[in-house]
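> Predicted model follows, preceded by the sequence.
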Amino acid sequence: MDEKRPIFKKKNVLVTGGAGFIGSHICDELIKTCKVICVDNFSTGTIDNISHLLQYPDFKFIKHDITEPLNIEAFPELDQFKVKFQGIQEIYNAACPTSPRDYNTYPIETLLANSVGVKNVLDLAVYYQATLLHLSTSAVYGEPNEGEAFPEEYWGFIDPIGPRSCYNEGKRFSESLTENYRRKYSIDTKIARIFNTYGPRMKLTDGRLIPDFINSALDNSPITIYGTPELKSSFLYISDLIEGLMKLMKSGEHGPINIGDPQIITYVDVAKKIIEMTNSTSSIQFEKPMEYNARQGIPDISAAKEKLSWFPVIDIEGGLARTIDYMKGNKFVKRTSLYEENTEEKT
């Protein structure tokens, strides 16, 4: 559909993977000014992440797997968005399992989400002439050389059949597919390469460093680092990521553009900060790396600074404080629910 469609007071924006960690925060930001269509199949996302948004008339949730073709106009609940007349103006593609522990659970699903799923979303972008922002990852670079930050020009060094290959190679293919759609169909696509990001709504058992560390600290159990005391990385707070994505969407840039925090910190120092901030009695222990673990790279964000006027503003202490507060509350709610269930069973 080549003709431009009219835009009413608000744009129609589609967010795939919208019930996930990053996707739900994207929805939070968009609902302020747009009509938001959130699509998720709950393979790794959860209704809890978007339950607070269901009250808004400009927010609609569609349960759907993007590896199946998606006909937005077939859903009667979207009639009030007048999609047949107005179409879709923007698409944020965040649909993909991203937890390290999911690589063994959903390897084929991850590959399909990054191939067939991305094609289906790109086909929507072509049909509606929508601007598409594809969420990629620093994993396309592979493991880093010591002390070197990744610029966007680096091609990467990756094992194409290793235990992380479903994610790493899947994302590399999805970038290629996105870029080639842009060239062939002259649509406006953008690629964000996201580095380690953390914050509220990460799963307590996500298999990622910060939620695992906080979860252990809150239980006063040992914090386990899978590797040596020298391991280090960088950590971007979720609100900084969302600001970067919004700026990229509004820009004339196509990317790829790195979105991450260039400040380096050791895993040991992160663990110590969490122990201190939670008043925990946890110790720190070391074990051999799990097969899906990989050394984390550091972003060169020169392009983001120059082209988007973006850089992170939340330091590690501020981000951890907000994340700990969220996870404390989440653990309390779950424990209360479990207690109530056990009480009901006994009565």
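Yep, it's here. In this text the structure is predicted, and so the values were computed from the model without any measurement.

> so Ile225 sits in a strand?
Yes - counting by DSSP: H, G, I helix; E, B strand; the rest coil, Ile225 falls inside a strand.

> Tell me what it is bridged to.
On the basis of DSSP bridges, Ile225 is bridged to Phe286.

> I figured Ile265 hits Lys232, correct?
Yes - counting by C-beta atoms under 8 Å, Ile265 does reach Lys232; the two are 6.3 Å apart. Just so you know, the C-beta spots here come from the backbone N, C-alpha and C atoms, and that holds for glycine as well.

> count of residues packed around Ile284?
16 (other C-beta atoms under 10 Å).

> next one: stretch 235-244 to chain centre, how far?
10 Å (C-alpha atoms, centre = their mean, to the nearest Å).

> So for it, what gets flagged as buried?
For stretch 235-244, the buried set under the neighbour-count rule, 16 or more other C-beta atoms under 10 Å, comprises Phe235, Leu236, Tyr237, Ile238, Ser239, Asp240, Leu241, Ile242, Glu243, Gly244.

> what does stretch 29-44 give?
29-31, 34-41, 43-44.

> Stretch 269-287 too?
Neighbour-count burial for stretch 269-287 flags Val270, Ala271, Lys273, Ile274, Ile275, Met277, Thr278, Ser280, Ser282, Ile284 (criterion: 16+ other C-beta under 10 Å).

> same check, this time on stretch 298-307
Buried-residue list, stretch 298-307, by 16+ other C-beta under 10 Å: Ile298, Pro299, Asp300, Ile301, Ala303, Ala304.

> any idea of the mean pLDDT for stretch 148-167?
In this model, stretch 148-167 carries a mean pLDDT of 87.

> Tell me if Ser282 really is in a helix.
No - secondary structure of Ser282, determined by three-state DSSP: coil, with no helix assignment.

> Mind checking which of the buried residues of stretch 235-244 are in strands?
Secondary structure from DSSP state E places Leu236, Tyr237 of these in strands.

> Could you list which of the buried residues of stretch 269-287 belong to strands?
Short answer: those in strands (DSSP E) are Ile284.

> could I get the buried residues of stretch 269-287 as JSON lines with pLDDT and distance to Gly318?
Formatted as JSON lines, these follow (pLDDT from 0 to 100; distance: C-beta to C-beta, whole Å):
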{"residue": "Val270", "pLDDT": "97", "distance to Gly318": "14"}
{"residue": "Ala271", "pLDDT": "97", "distance to Gly318": "18"}
{"residue": "Lys273", "pLDDT": "97", "distance to Gly318": "11"}
{"residue": "Ile274", "pLDDT": "97", "distance to Gly318": "14"}
{"residue": "Ile275", "pLDDT": "97", "distance to Gly318": "17"}
{"residue": "Met277", "pLDDT": "97", "distance to Gly318": "11"}
{"residue": "Thr278", "pLDDT": "96", "distance to Gly318": "15"}
{"residue": "Ser280", "pLDDT": "97", "distance to Gly318": "19"}
{"residue": "Ser282", "pLDDT": "96", "distance to Gly318": "21"}
{"residue": "Ile284", "pLDDT": "96", "distance to Gly318": "22"}
